[in-house]
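Visitor: can't give you the sequence, but here's the structure:
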């Protein structure tokens, strides 16, 4: 099975253009399962894929659960095993996928963290001064909030991905799929101010270089990492509110604020690069929850209505 795992990971990388993060996660999950299966089955030699039964997969997930692994991690491991064994069925090494009927752990429902419009605006304005780092950080925050891009997409932005005439930026998302996202004038101005400090011009170049110039760079001129971007966002949000915010919070805020202002859900799906509309629909629930919270805070009879409901419940139970 060890050779089958290596081949599967190669297919993910070359044919399916999976991200490096996905490949690393799948490699780790498969290595973990392989070691567990060897320990349980003790085959005395290489483990054959057909020796894996659904009960073994359930036992593996139960063992990880006892070690305190999060439900989301268990769900990812099961998805990884399903994908791996589905590949073996497709190439004829197996007749049945042993992971197909294994039930996924029930995940807790939670809505993403979102900034209010005022907090988002304050965060954009927080990096002050004209020093290079502050100007760069302001441009990073403005671009994240203006486009709703993932951190990996922001890191991968090149100068010739920006079309100033159209107000668009091209990003490469999951599976290396490209899409164009509107880039607001305030974000463009922030990028201009940053590029003026590093003596370079943003926008399309006369010809694509074999080594594209990154929009956001470190002091040595290299491309910033996702970890650095996360630190930058956490730094300013912590100074502003006392709590660290993840870059993905700006993506959630981007979508929710568009929806609040009447944007079409399909358009938001396109801008976010979601493959399924159901993924985007969580923002409708979030917007509803925010609306109800606002009602409870501001309507003069909202609290009294709630209190009256409690009184009615108590009378009904007597």
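Guide: Thanks, I have it. Computed from a predicted structure; not experimentally measured.
Visitor: low pLDDT regions in this structure?
Guide: Judged against pLDDT under 70, the low-scoring parts of the chain cover residues 107-112, 129-130, 199-211, 279, 282-318.
Visitor: where along it do the strands fall?
Guide: In the chain, strands defined by DSSP state E lie at 162-163, 168-172, 178-182, listed in chain order.
Visitor: Okay, and the beta partners of residue 163?
Guide: Under DSSP bridges, the beta-bridge partners of residue 163 are residue 168.
Visitor: what's the spacing between it and residue 194?
Guide: When CB to CB, to the nearest Å is applied, the distance between residue 163 and residue 194 equals 18 Å. (Glycine included, C-beta is placed from N, CA and C.)
Visitor: With residue 146 instead?
Guide: Relative to residue 194, residue 146 is positioned 14 Å away (criterion: CB to CB).
Visitor: go on, residue 56?
Guide: In this structure, residue 56 and residue 194 are separated by 54 Å, where distance is defined by CB to CB.
Visitor: number of nearby residues for residue 116?
Guide: 12 (other CB atoms under 10 Å).
Visitor: thinking again about what came up before, between residue 56 and residue 194, which is the more surrounded one?
Guide: residue 194 (25 against 18).
Visitor: Can you verify my assumption that the more buried one contacts residue 135?
Guide: Yes: shown here, residue 194 and residue 135 form a contact pair, counting by CB atoms under 8 Å, at 4.9 Å.
Visitor: picking that back up, what's the most buried one of the strands of the chain?
Guide: Comparing these by mean neighbour count (mean count of other CB atoms under 10 Å), strand 168-172 comes out on top with a mean of 20.
Visitor: Show me the contact partners of that strand.
Guide: Counting by CB atoms under 8 Å, 6 or more residues apart in numbering, strand 168-172 makes contact with 143, 147, 149, 153-154, 156-157, 161-163, 178-183, 273, all of which sit outside it.
Visitor: tell me the angle of it relative to strand 178-182?
Guide: Relative orientation of strand 168-172 with respect to strand 178-182: 150 degrees, computed using axes from the mean of the first three to the mean of the last three CA atoms, to 10 degrees.
Visitor: now strand 168-172: how far from the chain's centre is it?
Guide: Its chain's average C-alpha position is 17 Å from that of strand 168-172, according to CA atoms, centre = their mean, to the nearest Å.
Visitor: do the same with stretch 167-182
Guide: 15 Å.
Visitor: start to end distance for that stretch?
Guide: When the termini of stretch 167-182 are compared using CA to CA, to the nearest Å, they are 6 Å apart.
Visitor: that older thread, select, out of the strands of the chain, the one closest to residue 19.
Guide: Among those, the nearest to residue 19 by CB to CB is strand 168-172 (9.8 Å).
Visitor: For the closest residue to residue 19 other than its chain neighbours, give me its contacts.
Guide: Once flanking residues are discounted, residue 19 sits nearest to residue 174: 6.3 Å by CB to CB, 6 or more residues apart in numbering. The contact partners of residue 174, by CB under 8 Å, 6+ apart, come to 19, 150, 273, 275.
Visitor: List buried residues within the residues you listed.
Guide: If you count burial by 16 or more other CB atoms under 10 Å, the buried members of those come out as 19, 150, 273.
Visitor: roughly how far apart are the residue nearest to residue 19 and residue 245?
Guide: In terms of CB to CB, residue 174 sits 22 Å off from residue 245.
Visitor: now swap in residue 179 and tell me
Guide: Using CB to CB, one obtains 25 Å as the distance from residue 179 to residue 245.
Visitor: before we move on, what about residue 270?
Guide: For residue 270, the distance to residue 245 under the criterion CB to CB works out to 25 Å.
Visitor: Comparing those two, which shows the higher neighbour count?
Guide: Of the pair residue 270 and residue 245, residue 245 is the one with more neighbours under other CB under 10 Å, namely 22 against 14.
Visitor: can I assume that one is in contact with residue 114?
Guide: No: using CB under 8 Å, residue 245 and residue 114 do not qualify as a contacting pair, with a distance of 10.1 Å.
Visitor: And the helices in the chain, which stretches?
Guide: 2-14, 20-41, 54-66, 71-90, 117-125, 132-147, 151-155, 185-197, 226-241, 247-260, 265-272, 277-280, 282-298, 302-316 (DSSP state H).
Visitor: on that earlier part again, compare the strands of the chain and give me the one nearest residue 220.
Guide: Ranked by CB to CB, the member of the strands of the chain that lies closest to residue 220 is strand 162-163, at 22.4 Å.
Visitor: next one: that closest one to chain centre, how far?
Guide: 23 Å.
Visitor: Which strands or helices does it pack on?
Guide: strand 168-172 (3 or more CB pairs under 8 Å, 6 or more residues apart in numbering; DSSP states H and E).
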